[in-house]
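**Student:** Coordinates only, no sequence provided:
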């Protein structure tokens with residue numbers, strides 16, 4: 001039962017020894033019609049509205065004024081995670097963000113970039129950040145240790161947060177759907193309604209997790225400037 005349950009997260013489908021399930025990470029581009037890029041429409045304006053709101057929020061967190069390039073990486077991160085989270089809700093599409101291979105690769109690469117930038121360009125600021133203002137002298141060594149551990153576990157917490165939230169919802173939907181063949185008609189209708197509600201909640205989780213990961217990444221980046 002457990003093997004069958006967790007097989008929905010198994011990317012082992014192979015074609016000519018290549019794992020084609022991982023191609024789903026790029027399927028988001030295929031769902032965008034070609035006319036989206038050429039002719040402005042309501043979808044274009046809606047996505048532009050979302051991007052501009054994200055840009056304004058990230059700009060505040062990064063203490064920026066006019067530089068738009070620095071927020072582009074976090075908007076791209078939000079878009080990438082959002083597309084993959086939503087694609088995982090469709091039948092027979094592999095949920096790439098439910099694997100640490102994807103989530104840890106994203107969080108670890110960003111964290112290493114932030115740390116290298118901070119320690120190379122703002123070394124003094126990075127040392128000051130390890131000891132909060134007003135810390136008693138006797139507690140300073142412990143605060144340095146705590147802040148160091150806190151920094152080291154950041155990529156892991158980001159990755160596990162995204163992976164765990166994606167796995168939890170999909171497991172619940174799979175468990176409910178596996179009981180459909182043993183229920184009578186009335187309970188089956190109730191089960192379908194429950195799954196529709198859960199699917200709606202999973203859609204909200206997909207958006208929220210994309211936003212949370214991008215916001216936390218922006219905050220981590222702001223600490224190095």
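**Tutor:** Received the coordinates, thanks. For clarity, every value in this text was computed on a predicted model and none was experimentally measured.
**Student:** and the longest helix anywhere in the chain, which residues are buried?
**Tutor:** Counting residues, the longest helix found in the chain (DSSP state H) is helix 185-222. For helix 185-222, a neighbour-count test (16 or more other CB atoms under 10 Å) marks 195, 202, 205-206, 209-210, 212-218, 220-221 as buried. From N, CA and C alone the C-beta is placed, and that goes for glycine too.
**Student:** ditto for stretch 161-170
**Tutor:** 161-163, 165-167, 169-170.
**Student:** cool, and stretch 115-129?
**Tutor:** Those would be 115, 118, 126, for stretch 115-129 by 16+ other CB under 10 Å.
**Student:** Quick one: end-to-end length of that stretch, please.
**Tutor:** This stretch, stretch 115-129, spans 12 Å end to end (CA to CA, to the nearest Å).
**Student:** starting at the chain centroid, how far to that stretch?
**Tutor:** Averaging C-alpha positions (CA atoms, centre = their mean, to the nearest Å) puts stretch 115-129 26 Å from its chain's average.
**Student:** From residue 102, how far off is residue 166?
**Tutor:** Distance from residue 166 to residue 102, counting by CB to CB, to the nearest Å: 10 Å.
**Student:** what does residue 119 give?
**Tutor:** 27 Å.
**Student:** same deal with residue 159?
**Tutor:** In terms of CB to CB, residue 159 sits 9 Å off from residue 102.
**Student:** same deal with residue 111?
**Tutor:** Distance from residue 111 to residue 102, by CB to CB: 15 Å.
**Student:** swap in residue 213?
**Tutor:** The value you get for residue 213 to residue 102, if CB to CB is used, is 12 Å.
**Student:** same deal with residue 120?
**Tutor:** For residue 120 relative to residue 102 (CB to CB), the value is 28 Å.
**Student:** for residue 176, same thing?
**Tutor:** Counting by CB to CB, the gap from residue 176 to residue 102 is 26 Å.
**Student:** More neighbours: those two, which one.
**Tutor:** Set residue 176 next to residue 102 and count neighbours by other CB atoms under 10 Å: residue 102 wins out with 21 against 14.
**Student:** Tell me if I'm right that that one and residue 88 touch.
**Tutor:** No: look at residue 102 against residue 88 with CB atoms under 8 Å: they stay out of range, at 11.0 Å.
**Student:** Spit out the residues that contact these two alike.
**Tutor:** residue 96 (CB atoms under 8 Å, 6 or more residues apart in numbering).
**Student:** Show me the shaky parts of the protein.
**Tutor:** For the chain, applying pLDDT under 70 flags the ranges 1-24, 27-39, 64-69, 180-184.
**Student:** Apply 80 and report the result again.
**Tutor:** For the chain, applying pLDDT under 80 flags the ranges 1-44, 63-70, 91-94, 132-135, 170, 173-191, 225.
**Student:** Just to check, residue 132 is in contact with residue 140?
**Tutor:** No: with contact defined as CB under 8 Å, residue 132 does not count as touching residue 140 (9.8 Å).
**Student:** Now tabulate the buried residues of stretch 115-129 in CSV and tack on distance to residue 77 and secondary structure.
**Tutor:** What follows is these, written out as CSV (distance: CB to CB, whole Å; DSSP: H, G, I helix; E, B strand; the rest coil):
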residue, distance to residue 77, secondary structure
115, 17, helix
118, 18, helix
126, 23, helix
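**Student:** hang on, residue 74 in a strand?
**Tutor:** No: Residue 74 is assigned helix when assessed by DSSP: H, G, I helix; E, B strand; the rest coil, not a strand.
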